[in-house]
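*Asks:* Show me the folded form of this:
(chains A, B and C)
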Amino acid sequence: MEPAKLTPKSLSAFQQALLDYYDKCRRSLPWRDENDPYRILVSEVMLQQTRVETVREYYRRWLKQFPDLQSLAAADSHEVLKAWEGLGYYRRARRLHETARVIVEQGNGTVPRTLDGLRELPGIGEYTAGAMASIAFGEAVPAVDGNVRRVLSRIFDVSDPRPSWLRGTAAGLIERDRPGDWNQALMELGATVCVPRRPECDVCPVSTWCLAHQAGTESDRPTKSKRSCPKRIQLALAVLYDDQQVFLIRRFWDGLLGGMWAFPEVEVSGMSDAETGARAAALSRGIGVVGVGQPLPTCKHRFTHIEATYHPFAFRSAVSPVEDGAVWVLATAPTSFALPTAQKKVLASFVEHIL
DNA sequence: CAGTCGTGGAC
DNA sequence: TGTCCAAGACT
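*Replies:* Next comes the predicted model:
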């Protein structure tokens, strides 16, 4: 087909081409062909900044554990966090839990049906509200995620589209009969064909109308922002143990890994090895440490904006009564305690070297 | 508004 | 190896 420009006159052909592609080629996903607002909600929150393949299994287990809004609203915070363990961005779990409680307690269990109503809920931003409103309730509103941003940036050959332009443009393209499918079709195209690197324009159903493809600029659209390099920090960490038990504390709800269980730690960036060991020992004050700390191999862990190097030390101790927010658990099976990936690494190292 | 907030996979 | 990125939200 000859190159064409996307105009009000050609819009319906563009819509038809993309929806045909979606109907024919869409991936089979557990949350597709689903009209339960709660299930749509869970999938959308899990998918925030997280790959489809990662979400699949979490989604399945989550619905088994929390089959509806009521069961989630009634759940314990730590139980919720444990179900989210390993997914990352743990504040999402807390906000999803809050949202469930708000809907059950204030909304009588009825999920808001409009974008504006959904937008009020914690953890539901412009994208998620648009996705929910269009997919679950058929409201003709845009849902601009990273995929849609890339697709529109290429179709209109805009290097750095502003959020307001994206919303307005996406709103003007919506196929009014199938808003939910339309938004998902745009995302599906971005996820499978109009991908960041080496887009497959030769099989793209809408390349005819793509200005970037016509100009040969698709690889440069949208412009990739240079992100700041992660901060490097050193952390001393204390593994207090007695027989097979280790000591964990619950992190504060605010901040990194909020609410997760972890070994006591302290930042020691720039300090000497001796000072690092001393700071690790200081972490165990008051817990009844018996001997000196045994250093474990350091391990690196990369967060989004932090490159952390952990310096773990194992201290033989004695199980003693602990206050709220601390616990002794079996090192080989800390079940029911949500542990961050980095802490699991340290725990595995401890089990291997000390136990 | 630029920074905060995880993790695993692709290349 | 490092680098980028993935159905963002919130401050």
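*Asks:* rest of the way, CA atoms for contacts and neighbours
*Replies:* Fine.
*Asks:* can you list the residues of the stretch 251-355 of chain A near DNA strand B?
*Replies:* When proximity is defined by C-alpha under 7 Å from any atom of the strand, the stretch 251-355 of chain A lies next to DNA strand B at A:Asp254, A:Gly255, A:Leu256, A:Leu257, A:Gly258, A:Arg302, A:Phe303, A:Thr304, A:His305, A:Pro340, A:Thr341, A:Ala342.
*Asks:* The stretch 51-200 of chain A now?
*Replies:* Counting by C-alpha under 7 Å from any atom of the strand, the stretch 51-200 of chain A sits next to DNA strand B at A:Arg51, A:Thr54, A:Glu85, A:Gly86, A:Leu87, A:Gly88, A:Tyr89, A:Tyr90, A:Arg91.
*Asks:* quick revisit: please, a ChimeraX command that selects the buried ones among the residues of the stretch 251-355 of chain A next to DNA strand B?
*Replies:* This is how ChimeraX selects the buried members of those, with burial counted by 16 or more other C-alpha atoms under 10 Å:
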select /A:257,258,340,342
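*Asks:* Can you show me the helices along chain A?
*Replies:* A:11-25, A:37-47, A:52-65, A:69-73, A:77-84, A:91-105, A:115-119, A:126-137, A:146-155, A:163-173, A:179-192, A:211-215, A:273-283, A:341-353 (DSSP state H).
*Asks:* The fifth one packs against which elements?
*Replies:* Packed against helix A:77-84, as judged by 3 or more C-alpha pairs under 8 Å, 6 or more residues apart in numbering; DSSP states H and E, are the following elements: helix A:52-65, helix A:91-105.
*Asks:* Now do it against helix A:91-105: the angle between them, please.
*Replies:* 130 degrees (axes from the mean of the first three to the mean of the last three C-alpha atoms, to 10 degrees).
*Asks:* Tell me which residues of helix A:77-84 come out buried.
*Replies:* Result for helix A:77-84 [16+ other C-alpha under 10 Å]: buried residues A:His78, A:Val80, A:Leu81, A:Lys82, A:Ala83, A:Trp84.
*Asks:* The closest residue to the second one other than its chain neighbours: what's it in contact with?
*Replies:* This means A:Val80. Take A:Val80 and drop its neighbours on the chain: the residue closest to it by C-alpha to C-alpha, 6 or more residues apart in numbering is A:Ala93, 6.8 Å away. By C-alpha atoms under 8 Å, 6 or more residues apart in numbering, the contact list for A:Ala93 reads A:Val80, A:Leu81, A:Trp84.
*Asks:* Check A:Val327 too.
*Replies:* A:Phe247, A:Leu248, A:Ile249.
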